[in-house]
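K.L.:
Fold the following.
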Amino acid sequence: MSYFAQNAGTSSSSKMPSNDVPTDILHFVASLMNREVLFVGLGNPMRSDDYVGVFLIELLEKLKLPPHWNLLKCYRNPENYLGKLLSLKSGIIVFIDSVQGMNEELRIFREEEIKDFSFSTHAFGISTFMKYLKSRKEVNFFLIGIKPENLEVGINLTPEVKRRADLIFKGFEKVCKNTY
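P.N.:
Numbering: from 1, shown residues only. Predicted coordinates for the structure are as follows:
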């Protein structure tokens, strides 16, 4: 498999330089360039940093992505999108979500590391979806986890979480433009 599948789980340093795209993001995105991938943004737009997964999908919609990549905003109820998740040909699904309790500012989790986080804001945990989807199609999963700063009611991302999302976006942009 790709570089990242062998080395995933390495995390970005807990305090990233303000303008540097973490190399694990660059390697991960590059490892997906020739694969059928579905990126799924999760989050509640009314809970500040919880919205970061959907926000990142909105940023990615502005890029010229490979034609075999799909983007889907599932918000806080991904169970409402099971039909869409099953209908796409993607052999890889990458969830993007805020993850409380991380020491790192962001981290890419491999499939075996993804579990029902007790701090999930979704009705069903990600691993529940993984089990269901795996019973219906051959697919591999990853999670881009972004550490939230504030999950209180609010409609804006905190500056730190917006910076983290921007760094991930820049990583996608560099790889898609082949400038890294």
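K.L.:
which residues of the protein fall in strands?
P.N.:
Using DSSP state E, the strands of the chain run over 37-42, 69-75, 92-98, 106-110, 140-146.
K.L.:
any chance of these in CSV, plus mean pLDDT, mean neighbour count and distance to Gly171?
P.N.:
Any C-beta I mention is one placed from the backbone N, CA and C, and that applies to glycine too. Listed next are the strands of the chain as CSV, based on pLDDT from 0 to 100; neighbours: other CB atoms under 10 Å; distance: least, CB to CB, whole Å:
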stretch, mean pLDDT, mean neighbour count, distance to Gly171
strand 37-42, 95, 24, 13
strand 69-75, 94, 19, 14
strand 92-98, 95, 24, 12
strand 106-110, 93, 21, 10
strand 140-146, 95, 24, 10
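K.L.:
Quick one: the ones you listed as CSV, columns for distance to Ile57 too.
P.N.:
Converted to CSV, the strands of the chain look like this (distance: least, CB to CB, whole Å):
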stretch, distance to Ile57
strand 37-42, 3
strand 69-75, 5
strand 92-98, 7
strand 106-110, 15
strand 140-146, 11
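K.L.:
Nearest to Asp24, out of the ones you listed?
P.N.:
strand 106-110 (6.1 Å; CB to CB).
K.L.:
Tell me what angle the closest one forms with strand 140-146.
P.N.:
160 degrees (axes from the mean of the first three to the mean of the last three CA atoms, to 10 degrees).
K.L.:
helices and strands around strand 106-110, which ones?
P.N.:
Contacts defined by 3 or more CB pairs under 8 Å, 6 or more residues apart in numbering; DSSP states H and E place strand 106-110 against helix 23-31, strand 140-146, helix 159-176.
K.L.:
Looking at those, which one is packed in the most?
P.N.:
Among those, judged by mean count of other CB atoms under 10 Å, the one packed with the most neighbours on average is strand 140-146 (a mean of 24).
K.L.:
Next one: the closest residue to Val54 other than its chain neighbours from Ala165, what distance?
P.N.:
Of all residues not flanking Val54 in the chain, Gly41 sits nearest, at 4.1 Å (CB to CB, 6 or more residues apart in numbering). Here Gly41 is placed at a distance of 10 Å from Ala165 (CB to CB, to the nearest Å).
K.L.:
what do these two both touch?
P.N.:
Phe55, Leu56 (CB atoms under 8 Å, 6 or more residues apart in numbering).
K.L.:
ok so, going back, for the strands of the chain, which one sits closest to Val175?
P.N.:
Nearest to Val175, of all these, is strand 69-75, at 11.1 Å by CB to CB.
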